[in-house]
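In: Curious how this folds, go ahead:
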Amino acid sequence: MGNDRKRRTRRTRAGFAALAAAALVAAVSASSATALPGKFWGVVPQTEPTLEQVQRLKRGGVGSMRIAISWPAAQSRRNGPINFGDFDAVVGKAASAGIEVLPFLYGAPPWAVPEAVVPGSGGGTKAPKFLPVRNGKQRSGWKRFVKAAVLRYGPRGSFWAQNPAVPKRPIRTWQIWNEENFKYFVVRPNPAEYGKLVKLSFAAIKGADRGARIVLGGMFARPAEATFKRKPPQAYFAADFLEQMYKRTPGIKSKFQGVALHPYTATYKRLTPYIEEFREALKANRDAGKGLWITELGWSSQRATRNNSFAKGRSGQATQLKGAFRLLRKRQSKWHVQRVYWFSVGDLRGSCNFCDGSGLFGEGFAPKPSWFAYVKFAGGRP
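Out: This is a model prediction of the structure:
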C-alpha cells in the first residue's frame, strides 16, 4: 500500500506539472496572439508641441508621432536651397523623448506646380492643382526634396551629426503625401499620377537608405465629394483609388510596404466596413500581406450639434476613442494594423470642421477625458 501511495503521489505531481506547463504555454500563446506591434499607439500634433508636452505624451504611452514635412516650406524658391530648419525642432524633441517620428512628405511649391482653389472652399483654400509628376522639372524637383529629407533625418542624416546631444533615432519609415484621393491636398486627385509619385519616391528614398520603408499616404475613407458627378473627379473612395492605382501603375506592389487609411466616420461602429472594403482592395490585387496604418482617426470634444457629426462633447469623444481603440486592438491581427494615430494632440481653431475640438488636450494643454482613455490603452501614466 505504501508503494502504491508513492506511485499515486508521483503521478499526481506529474499531472500538476503537466497542467502547469500546458497553462504556461497557453498563456504565452494567448499573450503573443494579442501582442501589438511596437510603438502601436501614435498621435498627430496640429502645432509644434513643447519638449515638456512631448515628454508627457511619452509618459502616457505614445510611441509614435506623425508630422508633416512639406516641400514648399523646405524650398520656397526655384533653384533655392532645401532647408529643413522648420522641422528640426520637432524631430529633436521627439528623439529626446524616445518617440518615433513618422513624416508624411507632401506639397509642391507654386514655382513647380500651379495652385488652384479647392472646390467648395469659398476661394479661401488653395492646393497644388495636380501632383508633381507631369514634367521633368516637377519629377526631378520632387526627388531632390525627398532624397534631401532622408539625408537629413535618415541613418546617415546630417541632423544627427550636427546635433550630437540629441539621441540618434533615425527615421526609417516615410509616408508619401496625405489624402491623395481628396481635393484638399491635390485639387485633381489622380490614381495613375499618384502611382508615379510613389515610384519616384521609392527611387529617391531607397537611393539614400536601402533599408527604409515606404507607406502610402493616408487616404480619406469615404469623402462625400467622391459621389459627385463631376469631371475631373474631386475625390475618390479610398478603396476605389487604391484599386485604380494598382491597375494603372505596373510594378507598383514592390514600391511600398504599407497602406494607410483615415477612416473618419460619425461613430466608431461604422469603422469595420470602411476598413474591410480597403483590405478587400488589397486582396483583390493579391497584396493582402501589406500592413495597414491608421494615420488619422478622431472625433471632436465640441458640443454635439446636428451640423457636425464629428462633434461628440467631452465624454462622447472619450467614448468614441475607447470604442475605436478596442475594435482596432481586437482586430489588429486580422486587419494587419501596424499603427493607430489619434488626430490630434491639441485643438486648433479654424483648420477644419472638427479640428478645434479634436485634441486629447485643450487650452493650456489641459487633459480631456479622451487623454485618460488613451493612456489606459497605451499602458502609460497620464
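
In: residues contacting the closest residue to Tyr374 other than its chain neighbours?
Out: Spatially, and ignoring its direct neighbours in sequence, Tyr374 is nearest to Leu360 (5.8 Å; CB to CB, 6 or more residues apart in numbering). Using the backbone N, CA and C atoms, a C-beta is placed for each residue, glycine as well. Contacts for Leu360 (CB atoms under 8 Å, 6 or more residues apart in numbering) come out as Val43, Trp342, Ser344, Val345, Gly346, Pro367, Lys368, Ser370, Trp371, Tyr374.

In: Recalculate using a threshold of 10 Å.
Out: Neighbouring residues of Leu360 by CB atoms under 10 Å, 6 or more residues apart in numbering: 43, 57, 60, 62, 298, 301, 317-318, 321, 342-347, 367-375.

In: now swap in Arg210 and tell me
Out: Contact analysis of Arg210 by CB under 10 Å, 6+ apart lists Pro155.

In: ok so, going back, Ala94 versus the residue nearest to Tyr374, what's the distance?
Out: According to CB to CB, to the nearest Å, Leu360 and Ala94 sit 16 Å apart.

In: rewinding a little: could you flag which of the contacts of Leu360 are buried?
Out: 43, 57, 60, 62, 298, 301, 317-318, 321, 342-347, 367-371, 373-375 (16 or more other CB atoms under 10 Å).

In: Could you point out which residue ranges in this protein have low pLDDT?
Out: By pLDDT under 70, the weakly predicted segments of the chain are 1-34.

In: Not counting its neighbours along the chain, what's nearest the residue nearest to the spatial centre of it?
Out: The residue lying closest to the centre of the chain (CA atoms, centre = their mean) is Thr295, at 2.1 Å. Once flanking residues are discounted, Thr295 sits nearest to Gly218: 3.9 Å by CB to CB, 6+ apart.

In: Are we agreed that that neighbour is in a strand?
Out: Yes - Gly218 sits within a strand when classified using DSSP: H, G, I helix; E, B strand; the rest coil.

In: and it, how many neighbours?
Out: Counted with other CB atoms under 10 Å, residues neighbouring Gly218 total 29.

In: what's the nearest residue to Phe154 if we skip its chain neighbours?
Out: Just to correct that, residue 154 is Gly rather than Phe. Using CB to CB, 6+ apart and skipping residues adjacent in sequence, the residue nearest Gly154 is Asp209, 4.4 Å away.

In: in this protein, which spans are strands?
Out: Secondary structure of the chain (DSSP state E): strands located at 41-44, 64-70, 100-106, 115-117, 126-128, 173-176, 213-220, 258-262, 291-297, 337-343.

In: who touches the residue nearest to Thr295 in this structure?
Out: Gly218 neighbours (CB under 10 Å, 6+ apart): 44, 66, 104, 175, 177-182, 238, 259-263, 293-297, 341, 343.

In: returning to what we had before: would you enumerate the residues in contact with the residue nearest to the centre of the chain?
Out: Counting by CB under 10 Å, 6+ apart, Thr295 makes contact with 42, 44, 64, 66, 102, 104, 175, 178-179, 215-219, 258-262, 339-341, 343.

In: Can you verify my assumption that Ala148 contacts Phe159?
Out: No - the pair Ala148 / Phe159 is not scored as a contact, 11.4 Å apart, by CB atoms under 10 Å.

In: Mutual contacts of the two, please.
Out: Phe84.

In: okay, stretch 338-346 in CSV with CA atoms only?
Out: Listed next in CSV are the C-alpha coordinates belonging to stretch 338-346 (Å, rounded to 0.1, in the frame of the first residue of the first chain):
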residue,chain,number,x,y,z
GLN,A,338,0.6,48.4,-37.7
ARG,A,339,-0.1,51.8,-36.1
VAL,A,340,-3.0,53.9,-34.9
TYR,A,341,-2.6,57.7,-34.7
TRP,A,342,-5.2,59.8,-32.9
PHE,A,343,-5.9,63.2,-34.5
SER,A,344,-4.9,65.3,-32.7
VAL,A,345,-2.8,66.2,-29.7
GLY,A,346,-4.3,69.6,-29.1
